[in-house]
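> Pasting a predicted model and its sequence here:
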Amino acid sequence: MKPSCSSSSSSSACESTPRANSNCHKIKGPWTAEEDRVLTSLVEAHGPRNWALISRYVKGRSGKSCRLRWCNQLSPAVEHRAFSTREDEVILHAQARFGNRWATIARLLPGRTDNAVKNHWNATLKRRASQRRRFGAQDDPLTALTLAPPGLSDAVPDL
């Protein structure tokens with residue numbers, strides 16, 4: 001079984017006291033392919049939980065940075081394909097109901113992260129929702145939309 005993602009995170013000593021430790025040189029910016037390979041092998045060895053331990057072996061990256069990279073990009077549970085029309089409709093209806101509670105909305109879309117849903121909303125769907133409201137388009141409420149755990153296919157009706 002491949003490790004998925006855990007939301008528990010720990011900060012490294014560098015992160016908690018940046019001025020006290022002048023030897024800390026945190027890398028900011030894009031991850032390299034080599035860093036991705038190292039992170040993936042460390043998660044496979046240690047599991048997706050102890051980010052402070054894992055970050056010790058990824059030079060210049062904090063535990064939080066390692067967790068975010070794994071959870072939003074590298075985890076095998078994350079879908080990297082374009083959003084489908086059905087997913088767009090689920091997001092539009094769920095955002096109308098829950099507001100910008102992206103983690104809640106992402107639970108309705110297996111394989112999608114809260115960050116991916118938020119980015120898709122801001123880049124694509126927000127404008128469509130605004131146009132629907134402006135032109136009085138009928139929003140058919142999804143009364144079956146629930147906070148069901150991932151994997152329950154009947155949590156969202158077919159659109």
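Arrived safely, thanks for sending.

> Name the nearest residue to Ala129, ignoring sequence neighbours.
Leaving out its chain neighbours, the residue that sits closest to Ala129 by C-beta to C-beta, 6 or more residues apart in numbering is Leu92, at 5.7 Å. All C-beta atoms are positioned from the backbone trio N, CA, C, and that covers glycine.

> quick one: contacts for that neighbour?
Listed by C-beta atoms under 8 Å, 6 or more residues apart in numbering, the contact set of Leu92 reads 125, 128-129, 132, 139.

> what comes up buried for the strand or helix carrying Ala116?
Assigned by DSSP states H and E, Ala116 belongs to helix 114-120. Buried residues in helix 114-120, defined by neighbour count with 16 or more other C-beta atoms under 10 Å: 114-118, 120.

> between these, which is closest to Arg61?
The closest of the buried residues of helix 114-120 to Arg61 turns out to be Asn115 (C-beta to C-beta; 17.4 Å).

> Is that closest one in contact with Ser75, as I believe?
No. Using C-beta atoms under 8 Å, Asn115 is not in contact with Ser75; the gap is 12.0 Å.

> which outside residues touch stretch 33-44?
2-3, 31, 54, 57-58, 61, 66, 69-70, 73-74.

> Filter these down to the buried ones and hand me the PyMOL line.
To isolate the buried members of the contacts of stretch 33-44 in PyMOL, using 16+ other C-beta under 10 Å:
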select buried, resi 3+31+54+58+61+66+69+70+74
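
> Can you say which helix or strand has Lys26 in it?
Applying DSSP H and E as the criterion places Lys26 outside every helix and strand.

> Spatially, what comes nearest to it if we skip its sequence neighbours?
Nearest to Lys26 is Gly60, by C-beta to C-beta, 6+ apart, at 5.6 Å.

> how much space between the one you found and Glu79?
29 Å (C-beta to C-beta, to the nearest Å).

> residues contacting Leu53?
Counted by C-beta under 8 Å, 6+ apart, Leu53 has contacts His46.

> Beyond the helix or strand harbouring it, next helix or strand please.
Secondary structure from DSSP H and E places Leu53 in helix 51-55. Under the assignment DSSP H and E, the closest C-terminal helix or strand after helix 51-55 is helix 63-69.

> For that following helix, enumerate the helices and strands it packs against.
For helix 63-69, the packing partners by 3 or more C-beta pairs under 8 Å, 6 or more residues apart in numbering; DSSP states H and E come out as helix 33-46, helix 51-55.

> Brilliant, that's me finished.
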